[in-house]
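Colleague: only geometry, no sequence info:
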């Protein structure tokens, strides 16, 4: 029977679980902290109160509504989808996801590895941290998870059998609205820096831009290309010097690969624009931005090399053409630029912003960074049909200058 | 309990059915004919033996294998899919589909309207019949069925709830193999006029062509755009002077709209090429070909006008852009040309041919018509990315001349 946990009952739950007993030898020794992170789920850290280096477990439970906004109803079913995709990702890319210890289908609860040696990537980027292993590890993660859930690896019947398990209408609807619709029309959900009113109005009037965004929305809604994470921004990535872990895949469904890759690249570009304010030393800023643009290039290039390697080694016999692969990656790169652009624009014009930009307290300084990001995004969107390599994306970043000044 | 019917047991089945009793007042008066049409199902016509103008019903039952090729196993489940899509099509386009009287989920059996006032369109085309209502009626059918099962009409959650009901892996696999894979490689299933060996080898060596076909295959396998018929060639269309009926939708699934439209246009173009041999009077041939090219143009144009009308009148609020519609139709036209080209090529190079061409007894004459059709198809495929109106497709037909002579 489902009931929502609190700090007390989560301990009782853990003590009663035979699986948890394998992790915690001493059930009487446990303590729970309510992490109260994220907007939609309950998350507790359970660990030994007396042994500081003892095991630590995260308990994540879905509520039938959003934790922070109780008026938003959300199906608890998302916990099943999250645990199912975490197990699949672990099969192909075990180092890049938290380990799932148990999934409780009645409680819509996942007990998983506590990534307490890792930091949310977004905040590291704000303070100009470099993660030398990140481009390779996220590139490998993208290649491996997307390839192994695509028609290039799975047989038609295997893939078609998996699709219904990951049909995720409620969470997809959030993306359809917040990413692809509301930011480009006059909608009460939109939150936008008042100093960007001109730009927001320009974009709302830009029929060409809106039609391109809606073409990408149609792709998001119809292109069941692979099992995608569905929300792969830098807040869903935990990092440290040597490791990269991808968390929170509750938006997962069979959708376009470009949506995941574009989210990664778009959020790196958002960080690039935000450095206008975070990195106050211009030399330091320039060097850090160079690291970010190289990261964008390396993520794509490693993704492509890795995907091609997997395709050659494990691909099924259904795609007998080398040239198809070239065409596939060219189209995927163009779609990625488009999806990345949508991610960037919606983080400035729509409801859900990013701390990289929202954390800039001075409204005028923030407007400069936001305008810069919007400019990059519009170029990515408009020029993407001509792109052939990832350096077409980074050339735009390198060429554009911030306009206006703080 | 499932058992396969014969001429005797189909009568017993009908006599016992309360629903059938509403159609046939006198159960003792019935006679059954085994139509033995098609390759994969049992089909019986049941009607009164004494009253020649009494009601007549078709009983179509799925076997767990192909009727003609018993070694090919096929899931009986296809009968459920067929009856479900027939009911949906009847909701939006009742005049263009046979009425379903009953579906028996244990017997995988559909009792439906007997279209004995109609003729299979393909054979009418072979003898230069004109069907004045066909372009309008098939254009309306395509627009109405495709629009009403797309994200432009359905809400995301409505459509996503329908997708699993029409996941159809076995029949999709037949298309993936026979249309998009085998014809372009050296495969034992392929049957090809020996006089076309040079062309078949050229095509098998044409990496560019094969990669374009495989891009369309990827689209067929991933693009869940609308509930499509999945096998809409002119053998699935029954016609007479005033009516058009679409039958046999057992290949239905959520796939690319272009696959249905391309099948219609591609089969009209196959008929065009085949007239080289069927219409021996050159004046008559020219006039009939003009009717066929105009039919291709009218099918597309009526489809587009009708789809735009439905979109404006019944579309949901998720697509606020006029320009999106223009982009949508442009891309759909290009995809349609590609899918139509694949349909044409596979009917000459692959396993399943069309009577339009296979009915030409003289091998050399047939080679001329087949070469002509292949030539049209290759131009459609190669040049489609530049197409903006359907006259780009028909201009290719009108410009090309048959090569070689009978």
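Modeller: Everything's here; your move. No experiment lies behind these values; they were computed from the predicted model shown.

Colleague: how about the residue nearest the centre of chain A, what does it touch?
Modeller: Among the residues of chain A, residue A:232 comes closest to the average C-alpha position under CA atoms, centre = their mean, at 1.1 Å. Shown in contact with residue A:232 (CB atoms under 8 Å, 6 or more residues apart in numbering or on different chains): A:246, A:260, A:263, A:264. For glycine as for every other residue, the C-beta is placed from the backbone atoms N, C-alpha and C.

Colleague: got a pLDDT number for the closest residue to residue A:349 other than its chain neighbours?
Modeller: Using CB to CB, 6 or more residues apart in numbering or on different chains and skipping residues adjacent in sequence, the residue nearest residue A:349 is residue A:183, 3.9 Å away. For residue A:183, the model assigns a pLDDT of 97.

Colleague: I'd like the distance between residue A:183 and residue B:145.
Modeller: According to CB to CB, to the nearest Å, residue A:183 and residue B:145 sit 33 Å apart.

Colleague: what's the answer for residue A:70, then?
Modeller: 42 Å.

Colleague: Which helix or strand contains the residue nearest to the centre of chain A?
Modeller: Using DSSP states H and E, residue A:232 sits within no helix or strand.

Colleague: picking up where we left off before, same drill for residue A:70 and residue B:145, tell me which one is more crowded.
Modeller: Comparing residue A:70 with residue B:145 by other CB atoms under 10 Å in any protein chain shown, the one with more neighbours is residue B:145, at 28 against 10.

Colleague: returning to that earlier point: how about the contacts of residue A:232, which pair is most distant?
Modeller: Within the contacts of residue A:232, A:246 and A:263 form the most distant pair, 11.0 Å apart (CB to CB).

Colleague: what touches both of those two?
Modeller: The contact sets of residue A:246 and residue A:263 overlap at A:229, A:232 (CB under 8 Å, 6+ apart).

Colleague: Now do the same contact list for the residue in the stretch 1-150 of chain A that chain B sits nearest to.
Modeller: Residue nearest to chain B within the stretch 1-150 of chain A: residue A:150 (8.4 Å; CB to the nearest CB). Residues counted as contacts of residue A:150 (CB under 8 Å, 6+ apart) are A:159, A:225, A:226, A:257.

Colleague: still on that earlier bit, quick check: closest non-adjacent residue to the residue nearest to the centre of chain A.
Modeller: Distances taken as CB to CB, 6+ apart place residue A:263 nearest to residue A:232, at 4.2 Å, with adjacent residues excluded.

Colleague: Return the subset of the contacts of residue A:150 lying in strands.
Modeller: residue A:226 (DSSP state E).

Colleague: how about the strands of the stretch 101-250 of chain A, start to end?
Modeller: A:109-113, A:119-120, A:226-228, A:237-239, A:244-246 (DSSP state E, counting those that start in this stretch).

Colleague: which residues are in contact with the fourth one?
Modeller: To tie it back to what came earlier, the one meant is strand A:237-239. A:115, A:118-122, A:124, A:131, A:134, A:138, A:244-247, A:264.

Colleague: Any residues of the stretch 1-150 of chain A in contact with chain B? List them.
Modeller: Within the stretch 1-150 of chain A, no position lies close to chain B (CB under 8 Å from any CB of the partner chain).

Colleague: whoops, I mixed them up, the stretch 201-350 of chain A
Modeller: For the stretch 201-350 of chain A, the residues found near chain B under the criterion CB under 8 Å from any CB are A:207-208, A:210-212, A:214-215, A:217-218, A:221-225, A:318-324, A:326-328, A:331.

Colleague: what's the least confident helix or strand in chain A by mean pLDDT packed up against?
Modeller: Here the helix or strand of chain A ranked lowest by mean pLDDT, DSSP states H and E is helix A:18-23, holding a mean of 88. When contacts are defined as 3 or more CB pairs under 8 Å, 6 or more residues apart in numbering or on different chains; DSSP states H and E, helix A:18-23 packs onto strand A:100-104.

Colleague: can you give me the offset of the strand it packs on from its chain's centre?
Modeller: How far strand A:100-104 lies from its chain's middle: 22 Å, per CA atoms, centre = their mean, to the nearest Å.

Colleague: What helices and strands are in contact with that strand?
Modeller: Counting contacts by 3+ CB pairs under 8 Å, 6+ apart, strand A:100-104 packs against helix A:18-23, helix A:78-92, strand A:109-113.

Colleague: Looking at those, which is nearest to residue B:360?
Modeller: Closest approach to residue B:360 among these (CB to CB): helix A:78-92, 52.1 Å.

Colleague: So what touches the closest one?
Modeller: For helix A:78-92, contacts defined as CB under 8 Å, 6+ apart pick out A:60-62, A:96-100, A:103, A:105, A:108-110, A:112, A:141, A:144-145, A:148-149, A:165-166, A:168, A:170-171, A:227, A:229, A:246, A:248-250, A:252-253.

Colleague: Now it: average pLDDT?
Modeller: Per-residue pLDDT over helix A:78-92 has a mean of 97.

Colleague: same check, this time on stretch A:186-203
Modeller: For stretch A:186-203, the mean pLDDT works out to 95.

Colleague: ends of that stretch, how far apart?
Modeller: End-to-end distance of stretch A:186-203 (CA to CA, to the nearest Å): 10 Å.
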